[in-house]
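A.B. asks: Sequence and predicted model, in that order:
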Amino acid sequence: MKHDLIEEAITRMVEARSPMRVNGGKGMPRRLNESGDWDFTAEAAVSINVANADGKLVMEVEPSTKKASVKFSIEIEARTWGIKDISITIPEQDIVLPIEVTTWTEGPDKVEQKEITLRPHLFRIEREGASTQYTVVEMDVQLNADLSVNEAESTVTVTGGQ
């Protein structure tokens, strides 16, 4: 009986003061952003690195740092006692970035305009520091010598939580 009164009081406080709608009085937010869903977009810095088989740098990608819009979702695992976990997931998406590749040769340098397609949902997610802001901050993209994206070695850095 006492537990029910406390839970009801907390629910009323959350409903009265929070900009988030509360779903069925259970304290679980029904929406987190203005579009009414759990999906967000962030401008993330993109660092591009080229790996060569022999370890020598024979080409350069310009610009080596770019910005890209990355879609992400926030998932909240809630219990009756509160929030157990908050995590960021990257939905399936393709991001096309134009790059300029300069290859150094014995003769004149070869400069090419290329496009690379990033699939950040296949990248490893790394968490950076504790923060109250849950977002995507950076993508570190590893390119193979043939300029294909090495998704196993590429990462997406997110902030939020601990």
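C.D. replies: Yep, that arrived. Residues are numbered from 1 along each chain as shown.
A.B. asks: how about the strands of the chain, start to end?
C.D. replies: When assigned using DSSP state E, the strands of the chain occupy the ranges 39-50, 59-62, 65-79, 82-89, 95-103, 110-118, 124-127, 131-143, 155-161.
A.B. asks: So if we follow the domain assignment, how does the chain break up?
C.D. replies: The chain breaks down by automatic domain parsing into domains covering 1-30, 33-161.
A.B. asks: Quick check: which of those is buried the most?
C.D. replies: Highest mean neighbour count among those (mean count of other Cβ atoms under 10 Å): domain 33-161, with a mean of 14. Bear in mind the C-beta positions are built from the backbone N, C-alpha and C, glycine included.
A.B. asks: chain center to it, what's the gap?
C.D. replies: From the chain centre to the centre of domain 33-161 is a distance of 7 Å (Cα atoms, centre = their mean, to the nearest Å).
A.B. asks: was I right about T41 contacting S73?
C.D. replies: No. Judged on Cβ atoms under 8 Å, T41 makes no contact with S73 at a distance of 10.6 Å.
A.B. asks: Below-threshold pLDDT in the protein: ranges please.
C.D. replies: Across the chain, residues meeting the criterion (pLDDT under 70) sit at 1-37, 52-58, 64, 161-162.
A.B. asks: returning to what we had before: now distance to V149 too, for the strands of the chain, in TSV please.
C.D. replies: Putting those into TSV (distance: least, Cβ to Cβ, whole Å) gives the following:
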stretch	distance to V149
strand 39-50	9
strand 59-62	12
strand 65-79	13
strand 82-89	20
strand 95-103	10
strand 110-118	6
strand 124-127	13
strand 131-143	6
strand 155-161	12
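A.B. asks: what's the spacing between the residue most central in space within the chain and F72?
C.D. replies: The centre of the chain sits closest to V136, judged by Cα atoms, centre = their mean, with a distance of 3.5 Å. Noted for V136: a distance of 5 Å to F72, by Cβ to Cβ, to the nearest Å.
A.B. asks: now do N49
C.D. replies: 22 Å.
A.B. asks: same thing with F123?
C.D. replies: For F123, the distance to F72 - Cβ to Cβ - is 12 Å.
A.B. asks: intersection of neighbour lists for these two?
C.D. replies: Jointly contacting F123 and F72 under the rule Cβ atoms under 8 Å, 6 or more residues apart in numbering are I90.
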